[in-house]
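A.B. asks: Give me a model of this one.
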Amino acid sequence: MSNIAKRVRSTREGIDRTKLYPLSDAVKLIKERATAKFDETIEVAMNLGVDPRHADQMVRGVCNLPNGSGRTVRVAVFARGNKADEAKAAGADIVGAEDLVERINAGQIDFDRCIATPDMMGLVGRLGKVLGPRGLMPNPRVGTVTPDVAGAVKAAKGGAIEFRVEKAGIVHAGVGKASFDADKLTENIRAFADAVSKAKPTGAKGTYIQRIAISSTMGPGVKIDPATVMGGQGAA
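C.D. replies: Okay, here's the model as predicted:
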């Protein structure tokens, strides 16, 4: 058996794949098994009772993680004049207008979040086929099309994460690092689950949040009892 196979096997030991663990126990199990040589990302995956092919069942939003995500986020901003100056002062990594469009069309997409002032959307709209599939298109629903570019940049840098349900009805996000204290990870996970709960679409029928699981980058998944995350709202 290879070293990798042995490591995978050892990380799975002690985890009952059929059990729903309380959130605190699940976090402990994941942290104990995050033994890679780098600081693994802790991911949450939620299976939702929605079919995102229907417009009234799309789930999308933003969550401000109370303890940050633990990752360095590069932010690009479409703005001119004073708004461009505000974005730079707030810590934006890239700020521009037509020059930023050219840069993106040339394949230089070296950022994780894209923000735009409302007056720039006519320009940004030309990039829909490039930014859309990457989940980078600015959108007012998640606060990335806004006149308050400074606030949006600070939120992105401070731990705001966007989420969007995938075709299979799953929404997932990185909510911290394995090096985080268990309490901080727990708080971030609850904040994310709460944001997803509040984003429940009008067309959702039956049980909205069906399953929740967490994992680390290189570790196994652990299923969680939704009631221990949602405070009894698991079947909402």
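A.B. asks: So which residues of the protein form strands?
C.D. replies: Applying DSSP state E to the chain gives strands spanning 41-48, 60-64, 75-78, 94-96, 113-116, 160-164, 170-177, 209-216, 222-224.
A.B. asks: what sits up against the fourth one?
C.D. replies: Outside strand 94-96, the residues within contact range by Cβ atoms under 8 Å, 6 or more residues apart in numbering are 74-79, 84, 87-88, 100, 103, 110-111. Using the backbone N, CA and C atoms, a C-beta is placed for each residue, glycine as well.
A.B. asks: hang on, the earlier thing: TSV for the strands of the chain, including mean pLDDT, mean neighbour count and distance to Ser197?
C.D. replies: Putting the strands of the chain into TSV (pLDDT from 0 to 100; neighbours: other Cβ atoms under 10 Å; distance: least, Cβ to Cβ, whole Å) gives the following:
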stretch	mean pLDDT	mean neighbour count	distance to Ser197
strand 41-48	96	21	9
strand 60-64	90	18	10
strand 75-78	97	27	27
strand 94-96	96	20	34
strand 113-116	96	26	23
strand 160-164	89	20	12
strand 170-177	94	22	11
strand 209-216	95	21	7
strand 222-224	96	23	14
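A.B. asks: For Ala26, find the nearest of those.
C.D. replies: When the strands of the chain are ranked by proximity to Ala26, the top entry is strand 222-224, at 4.4 Å, counting by Cβ to Cβ.
A.B. asks: how distant is that closest one from the center of its chain?
C.D. replies: Distance of strand 222-224 from the chain centroid (Cα atoms, centre = their mean, to the nearest Å) equals 18 Å.
A.B. asks: repeat for stretch 145-153
C.D. replies: Stretch 145-153 has its average C-alpha position 19 Å from the chain's average C-alpha position, going by Cα atoms, centre = their mean.
A.B. asks: Over to stretch 106-117?
C.D. replies: Here the centre of stretch 106-117 is set off from its chain's centre by 17 Å, with Cα atoms, centre = their mean.
A.B. asks: likewise stretch 153-165?
C.D. replies: Shown here is stretch 153-165, whose average C-alpha point lies 7 Å from the average C-alpha point of the whole chain (Cα atoms, centre = their mean).
A.B. asks: rewinding a little: of the contacts of strand 94-96, just say which sits nearest to Pro140.
C.D. replies: For these, the nearest to Pro140 is Phe78 (13.5 Å; Cβ to Cβ).
A.B. asks: Return the residues in contact with the closest one.
C.D. replies: Gly96, Ala97, Leu100, Cys114, Ile115, Ala116, Thr117, Met120, Leu123, Val124, Pro138.
A.B. asks: Val77 too?
C.D. replies: Ala84, Ala87, Ala92, Ile94, Val95, Gly96, Cys114, Ile115, Ala116, Val149, Val153.
A.B. asks: can you tell me which helix in this protein is longest?
C.D. replies: Scanning the chain for the helix with the most residues, using DSSP state H, yields helix 182-198.
A.B. asks: same for that one, what does it pack against?
C.D. replies: helix 23-33, strand 41-48, strand 60-64, strand 160-164, strand 170-177, strand 209-216, helix 226-230 (3 or more Cβ pairs under 8 Å, 6 or more residues apart in numbering; DSSP states H and E).
A.B. asks: List the neighbours of the longest one that are in contact with it.
C.D. replies: When you say that, I think you mean helix 23-33. Outside helix 23-33, the residues touching it (Cβ under 8 Å, 6+ apart) are 11, 14-15, 21, 42, 178, 182, 185-186, 189-190, 214-216, 219-220, 222-225, 228-229.
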